[in-house]
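> Provided below are the primary sequence and the corresponding predicted coordinates.
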Amino acid sequence: MSGRTAVIALLLLSTLGTAAALPPPGLPGGDLPDAPASEHDVYAVEQGDTCVAVKPIQGNENVVRFYDYRNPYTEPSDWSYSSFAPSSLTRENGSTMFLYEAPDGVVSLVILHDRRRAGRTGENLPMSAVSFRFDGLPESGRWVLMDDTYEGREDRWSRNRIDWTWTGSRIDGAVFRGLSGDFRTTVSPSWNEDAALHDPRFGSEPVNSWTFLSGSASDPTETDLDMGAPVTVHPGGCGAPPEAALSVRGAGGVGTGESVTFDASGTSDPDGDVAAYRWDFDGDGTVDQTTNESTVDHAYETPGERTARVTVVDGEGQTDEANATVRVAEGTTDGRSSTTSNGRTSGSADESTDGGVTLEPNALPGTDVLVEHPEWTTVGVALALLAGAVAARR
């Protein structure tokens, strides 16, 4: 909206007495309407044969407060009738779009035109104009912020089309809140002379770039868009499959009953939308457990060698697998492995809580001597017992 029109509208309001104190229609404020939280983490922006995976900008406030539209009726107030969103999200003589996710999980589409330039003042500032047509906006959402908001504004609004015009000292834009489900929203732009509100009677300042932003509000990732083609936004990535990876802590030797940790955190996915991990602990083709986390613990009840498998599933249902071998030995009664080395059984004796020796079944009855030579025969043991009895009679 032009500064000239804003001044005229305010002058008209000032002549209406008490009406001048009332906020104009569409002023952001109060409670936002109910909207469902999005179930998606990753989205895609498609234009022609190009597809780019994007993530919403995360914020700690609702989207209207983040947009920070200010005019003389707001607190804080400003006469610019402009967004005060972070400057990292705006472009001089350029339009930006991005998804914004509030703390409640509700995702919005935010549109910002131009950059606020407080030093540009005067009555003959150049004007810019843009028209956007929207197809496929989800029924779960609605436009919750109209920039501008004063009565008599030149901007034209409907659910599926917005025509903007503004002077080159401020920002114009809009917020559609409540993107959820499997929507596919297409934005078809018309710029400058092709926009509905372009007025050749006034000096014009063309919009010369269109960018989709992703990730961080302070340092967003930029995707330059073709100004001559529509763009489609939808949940999920761009169809690139994940690359699964699997490691196992304790794979070289664990006992029955011992917990084994399977770790698929080395998995990569170009779209960043891994949805699930399906675990087959014994490699028999049956999924034993499904998790959203990349690590899981499992204990085997019987000894043997297992080929464990994880199947990684992304948001488009594409999968990839990774395997790892686990060797399970017979465990002791306390769950420790009884694997042997050099003929000696590991864990044959253990320290008790009082510092003594806990005798295992391989100790001689009635003695504190451990049998360290399993090659002894039953006859040898019997002779030793007999010699002990003879000595006791002396």
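Yes, it's here. Keep in mind that this is a model prediction, so the values were computed, not measured.

> List the buried residues of stretch 233-244.
233, 234, 235, 236, 237, 238, 240, 241, 242, 244 (16 or more other C-beta atoms under 10 Å). Quick note: C-beta positions are derived from backbone N, CA and C, even for glycine.

> Touching stretch 79-90 from outside, list them.
For stretch 79-90, the external contacting residues (C-beta atoms under 8 Å, 6 or more residues apart in numbering) are 1, 6, 57, 66-72, 78, 96, 98, 110, 112, 114-116, 118, 147-150, 169-171, 173, 213, 217-220.

> can you give me the strands in the stretch 51-200 of the chain?
Ranges of strands within the stretch 51-200 of the chain are 57-58, 69-70, 82-83, 94-101, 107-113, 127-135, 142-147, 156-158, 161-167, 172-177, 185-191, based on DSSP state E, counting those that start in this stretch.

> Including distance to residue 206 and mean pLDDT, could those go into JSON lines?
Below are these laid out as JSON lines (distance: least, C-beta to C-beta, whole Å; pLDDT from 0 to 100):
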{"stretch": "strand 57-58", "distance to residue 206": "27", "mean pLDDT": "96"}
{"stretch": "strand 69-70", "distance to residue 206": "24", "mean pLDDT": "92"}
{"stretch": "strand 82-83", "distance to residue 206": "19", "mean pLDDT": "92"}
{"stretch": "strand 94-101", "distance to residue 206": "10", "mean pLDDT": "98"}
{"stretch": "strand 107-113", "distance to residue 206": "12", "mean pLDDT": "97"}
{"stretch": "strand 127-135", "distance to residue 206": "7", "mean pLDDT": "96"}
{"stretch": "strand 142-147", "distance to residue 206": "20", "mean pLDDT": "89"}
{"stretch": "strand 156-158", "distance to residue 206": "20", "mean pLDDT": "91"}
{"stretch": "strand 161-167", "distance to residue 206": "13", "mean pLDDT": "93"}
{"stretch": "strand 172-177", "distance to residue 206": "14", "mean pLDDT": "95"}
{"stretch": "strand 185-191", "distance to residue 206": "7", "mean pLDDT": "98"}
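
> possible to save those as CSV with mean neighbour count and distance to residue 40?
Converted to CSV, the strands of the stretch 51-200 of the chain look like this (neighbours: other C-beta atoms under 10 Å; distance: least, C-beta to C-beta, whole Å):
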stretch, mean neighbour count, distance to residue 40
strand 57-58, 18, 14
strand 69-70, 22, 27
strand 82-83, 26, 26
strand 94-101, 23, 10
strand 107-113, 25, 8
strand 127-135, 21, 19
strand 142-147, 20, 19
strand 156-158, 12, 27
strand 161-167, 24, 25
strand 172-177, 24, 15
strand 185-191, 18, 13
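
> Now for the residue positioned nearest the centre of the chain, which secondary structure element holds it?
Central residue of the chain (C-alpha atoms, centre = their mean): residue 41, 4.0 Å from the mean position. If you go by DSSP states H and E, residue 41 is not part of any helix or strand.

> What confidence value was assigned to it?
At residue 41, the pLDDT value in this model is 86.

> List the contacts of it.
Residue 41 makes contacts with 55, 272, 273, 315, as judged by C-beta under 8 Å, 6+ apart.

> which residues does the nearest residue to residue 47 once chain neighbours are set aside contact?
Among residues not flanking residue 47 along the chain, residue 231 sits closest, at 4.6 Å (C-beta to C-beta, 6 or more residues apart in numbering). Contact analysis of residue 231 by C-beta under 8 Å, 6+ apart lists 45, 46, 47, 97, 186, 187, 212, 225.

> Try it again at 10 Å.
Shown in contact with residue 231 (C-beta atoms under 10 Å, 6 or more residues apart in numbering): 45-48, 50, 97, 185-189, 210, 212, 223, 225.

> picking up where we left off before, list phi and psi for the residue nearest to the centre of the chain.
phi -110, psi -30 (degrees, to the nearest 10).
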